[in-house]
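Participant: Model the structure of this input:
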Amino acid sequence: MQFNPMKKKSSSQSAFFNFRVLIASVFCLAGVFIALVGAGIYLGSSKAQAQSGPASTMPVTGNSPIGPDVVRLVGPVIVSTDLRDLPYIPPAPKTLEQLLGPYPHRENRSPSGSQTSGLVEIESLIKGVLPPVPTMPSPLLTFAGMNAAQVGAMFPPPDTIGDVGPNHYVQAVNDAFRVFDKLGNPRTRVTTFNSFFAPLTGTPCGANENGGDPFVFYDQLADRWVITDFASPQPKPTPTPQPEFPGLEPLGSAPFYECIGVSRTGDPVEGGWYLYALQTDPANPMQFGDYPKFGLWNNPQPGGAYYFTVNLFLFPAETLDGVRAFALDRGSMLTGGVANAIAFTITPATLGDALSLVPATSRTGSAPPAGEDEFILAVDLTENVMLTQVKGWLFHVDFVTPANSRLGVGANHAPNALITVNGFRNAPGALVPQPGTVQKLSTLGDRIMTPVVYQNRSGTESLWAAQTVFLTSDGPTGIRWYQFVVTGGNFPATPVQQQDWSNGNDGLWRWMPSTAVDANGNMAIGYSVSSPSIFPGIRYAGRRATDPLNDLSQGEAIMTNGGGSQTLAVGRWGDYTMTTIDPSDGLSFWHTNEYYPATSPNAWFTRVGKFQFGNPRSTPTPRPRPTPTPRP
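Facilitator: The predicted structure is shown next:
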């Protein structure tokens with residue numbers, strides 16, 4: 001039989017041939033991957049560079065160049081007023097600002113393909129052949145959070161954050177917060193931070209000068225709430241724009257403070273508050289503490305500490321001056337007592353390219369062992385290079401003898417560990433496309449995102465963390481997540497599991513992740529998602545504790561579909577989101593994030609959602625506390 005090269009195949013023959021080619025290609029790619037791994041080229045096989053030794057044994061004293069700073073908090077101011085009875089004080093006027101960093105990101109640019117691991121792209125191709133079938137449960141509940149019109153926001157971002165307690169959900173955005181019941185019914189009006197912190201007279205917190213970067217969390221160990229933001233005197237016009245941030249006004253003027261409220265009871269509406277103010281650095285009043293991130297820890301005992309970190313920028317030039325880490329005397333603050341903070345500053349010389357350190361926080365599982373130090377994680381923010389490390393610090397605090405406190409290794413507070421991870425490339429700047437506009441959204445893809453979750457489950461201690469990374473040389477971005485086993489208070493050489501999550505390489509851009517782990521060890525991540533054909537929306541993905549390692553095997557679920565794009569020229573989008581676990585059952589995940597129901601420059605909205613995997617091991621009974629209703 002003579003072969004005719006022009007003869008067409010039947011459709012069935014063509015389909016069978018294409019299927020055989022597909023399978024052969026998969027096996028071929030797999031063979032290449034295995035060969036490369038065997039040759040030791042795979043990035044995950046590189047050796048760890050751990051520094052697990054103790055901190056310097058040199059004698060230290062409080063407020064010495066080697067020892068910690070001991071900073072007295074202003075307050076407490078004891079407030080008994082129902083939140084619904086606070087007089088309304090509007091937010092301070094805002095100027096359009098970019099996220100502070102050691103250098104401006106080059107917006108809307110593609111990275112160099114030569115600096116992207118070919119193996120990452122090969123793995124992505126293999127995984128993309130058979131997209132996952134999602135089994136992630138749909139939301140049990142979603143409800144509207146605050147929006148730009150309610151807050152009076154002229155510019156993004158909202159910096160959406162929130163947490164859940166036995167009877168309430170408290171959400172915060174820049175300039176304001178609001179309390180809801182757990183069905184989503186508002187129990188207060190929108191309360192501005194200027195109203196809430198007004199009693200802190202003599203500080204910017206009480207002078208209508210609250211600036212933003214809010215943080216709110218529920219302290220399940222004491223049935224209390226903590227709400228914070230930063231404050232500084234109002235910005236003055238700048239005759240000559242700063243070269244790092246052309247055309248932008250400074251954030252404020254010295255002195256700079258963190259404003260902190262600790263509820264007096266488990267009722268954030270009627271129960272009253274203890275209010276405190278903490279100057280960022282009294283010895284260096286021109287240092288501004290940006291991007292504060294908090295963690296709840298039960299040590300040092302008996303009172304534990306609220307740990308938090310800030311990025312330091314020297315006013316007015318807004319040049320990077322390091323990172324400052326604080327431990328607040330939680331035991332004293334819970335009783336409305338006089339409180340101190342123990343603080344260390346890490347200079348840029350020691351940080352290298354790291355910034356935005358995030359302390360760990362504990363919610364489910366057993367508490368950290370008595371005496372165990374707080375964990376802090378960070379990554380370098382370097383652009384256009386392959387990175388292979390997560391940096392870890394241990395923070396030991398002694399409120400009785402502050403000189404015994406220490407952070408990291410040595411007098412300069414170097415990291416305790418350099419954990420080797422699979423290679424990743426940061427994805428900072430305005431990169432994320434949207435439908436119907438050339439404006440792109442910022443990812444904050446150069447840092448570990450809040451929270452870093454600590455869980456002690458059956459004696460195995462773990463840290464869970466996430467960040468945004470490039471999936472391929474020119475995008476899209478995806479979610480890189482880790483589990484680090486830190487049993488015994490020691491950082492590991494490598495993570496026990498990690499993944500770059502792309503939902504089977506569906507082409508969507510994912511960013512702004514936040515992670516939580518339930519009482520059964522199931523993990524979920526909430527995040528933003530967008531593409532040239534899909535408006536920015538809110539989704540989440542997860543894995544059960546019994547799933548294979550290194551994969552969000554339950555797939556992805558939609559919490560809220562966006563209905564529009566953000567068209568403002570500066571593409572700020574949140575600066576963080578938040579996923580937390582309901583302390584009432586140890587099971588229910590709550591996530592809050594932003595979206596646009598219609599295209600506009602700044603008419604952002606927020607949403608709160610709840611979902612869960614299955615039945616908890618045990619279900620504590622919520623405290624029977626009446627929930628007040630809003631007042632006009």
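Participant: okay, which residue is most central for this protein?
Facilitator: T450 (2.1 Å; Cα atoms, centre = their mean).
Participant: So it sits against K293, correct?
Facilitator: Yes: the pair T450 / K293 is scored as a contact, 4.9 Å apart, by Cβ atoms under 8 Å. Using the backbone N, CA and C atoms, a C-beta is placed for each residue, glycine as well.
Participant: returning to that earlier point: who touches the residue nearest to the centre of the chain in this structure?
Facilitator: Applying Cβ atoms under 8 Å, 6 or more residues apart in numbering, we find T450 in contact with 293-294, 358, 514, 576, 578.
Participant: Now for the residues you listed: which two are most distant?
Facilitator: F294 and S514 (13.4 Å; Cβ to Cβ).
Participant: Can you show me the CA trace of stretch 455-468 as CSV?
Facilitator: The C-alpha trace of stretch 455-468 is given here as CSV (Å, rounded to 0.1, in the frame of the first residue of the first chain):
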residue,chain,number,x,y,z
GLN,A,455,0.7,25.3,65.6
ASN,A,456,1.6,22.7,68.2
ARG,A,457,-0.2,19.5,67.1
SER,A,458,0.4,16.3,69.0
GLY,A,459,3.9,17.5,70.0
THR,A,460,4.9,18.6,66.4
GLU,A,461,5.4,22.3,66.2
SER,A,462,5.1,24.0,62.9
LEU,A,463,5.2,27.4,61.3
TRP,A,464,3.1,28.0,58.2
ALA,A,465,3.8,31.0,55.9
ALA,A,466,3.0,32.3,52.4
GLN,A,467,4.2,34.9,49.9
THR,A,468,3.6,35.9,46.3
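Participant: If we go by neighbour counts, what in that stretch is buried?
Facilitator: Neighbour counts over stretch 455-468 (16 or more other Cβ atoms under 10 Å) mark 455-456, 461-468 as buried.
Participant: Any chance of JSON lines for those, columns secondary structure, distance to F217 and pLDDT?
Facilitator: Output for the buried residues of stretch 455-468, formatted as JSON lines (DSSP: H, G, I helix; E, B strand; the rest coil; distance: Cβ to Cβ, whole Å; pLDDT from 0 to 100):
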{"residue": "Q455", "secondary structure": "strand", "distance to F217": "16", "pLDDT": "98"}
{"residue": "N456", "secondary structure": "strand", "distance to F217": "18", "pLDDT": "98"}
{"residue": "E461", "secondary structure": "strand", "distance to F217": "20", "pLDDT": "98"}
{"residue": "S462", "secondary structure": "strand", "distance to F217": "20", "pLDDT": "98"}
{"residue": "L463", "secondary structure": "strand", "distance to F217": "17", "pLDDT": "98"}
{"residue": "W464", "secondary structure": "strand", "distance to F217": "16", "pLDDT": "99"}
{"residue": "A465", "secondary structure": "strand", "distance to F217": "17", "pLDDT": "98"}
{"residue": "A466", "secondary structure": "strand", "distance to F217": "18", "pLDDT": "98"}
{"residue": "Q467", "secondary structure": "strand", "distance to F217": "20", "pLDDT": "98"}
{"residue": "T468", "secondary structure": "strand", "distance to F217": "22", "pLDDT": "98"}
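Participant: now, among those, which is nearest to I342?
Facilitator: Looking across the buried residues of stretch 455-468 and measuring by Cβ to Cβ, the closest to I342 is L463, at 22.1 Å.
Participant: Tell me the spacing between the closest one and I448.
Facilitator: Applying Cβ to Cβ, to the nearest Å, the value for L463 to I448 is 10 Å.
Participant: intersection of neighbour lists for the two?
Facilitator: With Cβ under 8 Å, 6+ apart as the test, L463 and I448 both reach L377.
Participant: helices or strands next to whichever strand or helix holds A349 in the packing?
Facilitator: Following DSSP states H and E, the helix or strand that holds A349 is helix 348-351. On a contact count with 3 or more Cβ pairs under 8 Å, 6 or more residues apart in numbering; DSSP states H and E, helix 348-351 meets strand 319-329.
Participant: which element follows the strand it packs on toward the C-terminus?
Facilitator: helix 330-334.
Participant: Could you check how many residues crowd around D223?
Facilitator: For D223, the count of nearby residues is 18 (other Cβ atoms under 10 Å).
Participant: Next up, the contacts around it.
Facilitator: Here D223 is in contact with 165-166, 265-266, 623 (Cβ under 8 Å, 6+ apart).
Participant: Arrange these in CSV, one row each, with distance to I558, pLDDT and neighbour count as further columns.
Facilitator: CSV is the format used below for those (distance: Cβ to Cβ, whole Å; pLDDT from 0 to 100; neighbours: other Cβ atoms under 10 Å):
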residue, distance to I558, pLDDT, neighbour count
G165, 26, 98, 27
P166, 28, 98, 20
T265, 37, 98, 15
G266, 33, 98, 19
R623, 33, 49, 12
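Participant: so what's F180 bridging to?
Facilitator: Y169, P186 (DSSP bridges).
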